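Visitor: Just to be clear, the model below is a prediction. Sequence and coordinates:
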Amino acid sequence: MAPEDEQSYEQFVKAFRSYCLMRRQLTVFQAKSKDAIRDGRYSDAEYCVAWIESLEVSAADHRESMLEAFGELEVDAQAEIVCLLKTAVNRRHQV
């Protein structure tokens with residue numbers, strides 16, 4: 001792989017990890033806010049909702065960074081990533 005291809009791949013991996021982390025954080029804060037509301041801890045729920053709103057606003061930026069980095073990859077690298085992600089999704093659904 002040429003150095004510029006490696007750099008593009010590393011940028012995609014970094015953007016993808018950042019996007020996945022943001023999605024996990026969003027899921028965690030959604031669950032925490034539901035628990036807080038159910039338990040009557042409204043100040044905790046407000047804190048969680050503020051984080052959810054912030055994460056939702058940044059979601060578009062994370063998604064755009066990931067797509068931009070993906071677009072800079074060679075077609076072969078894009079195909080390999082799609083296959084790896086598809087395999088990971090299929091394995092997750094089998095568990």
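Guide: All right, it came through fine.

Visitor: low pLDDT regions in this protein?
Guide: Confidence mapping of the chain against pLDDT under 70 gives the ranges 1-2, 95.

Visitor: residue ranges of the helices in it, please?
Guide: Applying DSSP state H to the chain gives helices spanning 3-38, 42-71, 75-94.

Visitor: Redo those helices as CSV? Include mean neighbour count.
Guide: Heads up, the C-betas are built off the backbone N, CA and C, glycines and all. Output for these, formatted as CSV (neighbours: other Cβ atoms under 10 Å):
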stretch, mean neighbour count
helix 3-38, 15
helix 42-71, 14
helix 75-94, 10
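
Visitor: The residue nearest to Phe12 when sequence neighbours are not counted and Gln11, how far apart?
Guide: Among residues not flanking Phe12 along the chain, Ala69 sits closest, at 3.9 Å (Cβ to Cβ, 6 or more residues apart in numbering). Distance of Ala69 to Gln11, computed by Cβ to Cβ, to the nearest Å: 4 Å.

Visitor: Leu26 now?
Guide: Remark: distance between Leu26 and Gln11 (Cβ to Cβ) = 23 Å.

Visitor: same thing with Val28?
Guide: In terms of Cβ to Cβ, Val28 sits 26 Å off from Gln11.

Visitor: same deal with Ala36?
Guide: Ala36 is 37 Å from Gln11, by Cβ to Cβ.

Visitor: wait, what's in contact with Lys14?
Guide: Lys14 is in contact with Ala69, counting by Cβ atoms under 8 Å, 6 or more residues apart in numbering.

Visitor: That one and Lys34: what is the separation?
Guide: Distance from Lys14 to Lys34, counting by Cβ to Cβ: 31 Å.

Visitor: do the same with Asp5
Guide: 44 Å.

Visitor: now Arg23, nearest residue through space, not along the chain?
Guide: Leaving out its chain neighbours, the residue that sits closest to Arg23 by Cβ to Cβ, 6+ apart is Ala59, at 7.9 Å.

Visitor: and what of Met66?
Guide: Ala15 (4.1 Å).

Visitor: is it true that that neighbour touches Ser65?
Guide: Yes - with contacts counted by Cβ atoms under 8 Å, Ala15 reaches Ser65, the gap being 4.4 Å.
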